[in-house]
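Participant: how would this look folded up:
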Amino acid sequence: MIRKCNPGDFNTIYLIINDAAQAYKRVIPADCWKEPYMSEEELRHEMQEGVIFWGYEMDGELVGVMGIQHVRDVSLIRHSYVRTAKQKKGIGGELLSHLRELATRPILIGTWADAEWAIHFYEKHGFHLVSSGEKDRLLRKYWSILERQIETSVVLAEDINKHE
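Facilitator: Numbers count the residues shown, from 1 in each chain. Have a look, this model is predicted:
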């Protein structure tokens, strides 16, 4: 079951993100990795900045989360994570599908350039990598991230005509 997360889900969202983010350890640049990957303060900040989390429940337990954030004229997919033990079961795809149905504007997704599995996941679901120059422009326009993260990230976009 997919549902909008509520304030009572905060600790579970935090745990899911930091469990699943272990996949980035030793993959992303060492200077971008930290423990925990996302602090409670960072998660609170993301929510205050408008990231709305949706969750996937299995047997009454939240096992995956994906955020959507409306920024100007686009929607950003943010913080997509599934508990390590529940990965490869279609949960991420179902969450992404659900958020795409809710979106009324073009969707952009940013991820680490070295996270090949994440890039392949989004490509499998109809997104494509934008050019390097376009990536830099989009990350600066729609995200609030450090220059180092811009250097080491990619952006994927869906078909531009979907929302016209």
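Participant: Return, as residue ranges, the portions of this protein with sub-threshold pLDDT.
Facilitator: Residue ranges of the chain with pLDDT under 70: 159-164.
Participant: Going along the chain, name the helices of it.
Facilitator: 10-20, 40-48, 91-102, 116-124, 132-142, 147-151 (DSSP state H).
Participant: So which of the ones you listed is nearest Ala30?
Facilitator: helix 147-151 (11.4 Å; CB to CB). No exception for glycine: its C-beta is placed from N, CA and C like everyone else's.
Participant: Adding mean neighbour count, write the helices of the chain out as JSON lines.
Facilitator: Shown next, in JSON lines, are the helices of the chain (neighbours: other CB atoms under 10 Å):
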{"stretch": "helix 10-20", "mean neighbour count": "18"}
{"stretch": "helix 40-48", "mean neighbour count": "14"}
{"stretch": "helix 91-102", "mean neighbour count": "17"}
{"stretch": "helix 116-124", "mean neighbour count": "15"}
{"stretch": "helix 132-142", "mean neighbour count": "15"}
{"stretch": "helix 147-151", "mean neighbour count": "13"}
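Participant: Of all these, which one comes closest to Glu61?
Facilitator: Nearest to Glu61, of those and by CB to CB, is helix 10-20 at 8.3 Å.
Participant: Which neighbouring elements make contact with the closest one?
Facilitator: Contact partners of helix 10-20 among helices and strands, from 3 or more CB pairs under 8 Å, 6 or more residues apart in numbering; DSSP states H and E: helix 40-48, strand 52-58, strand 61-71, strand 74-82.
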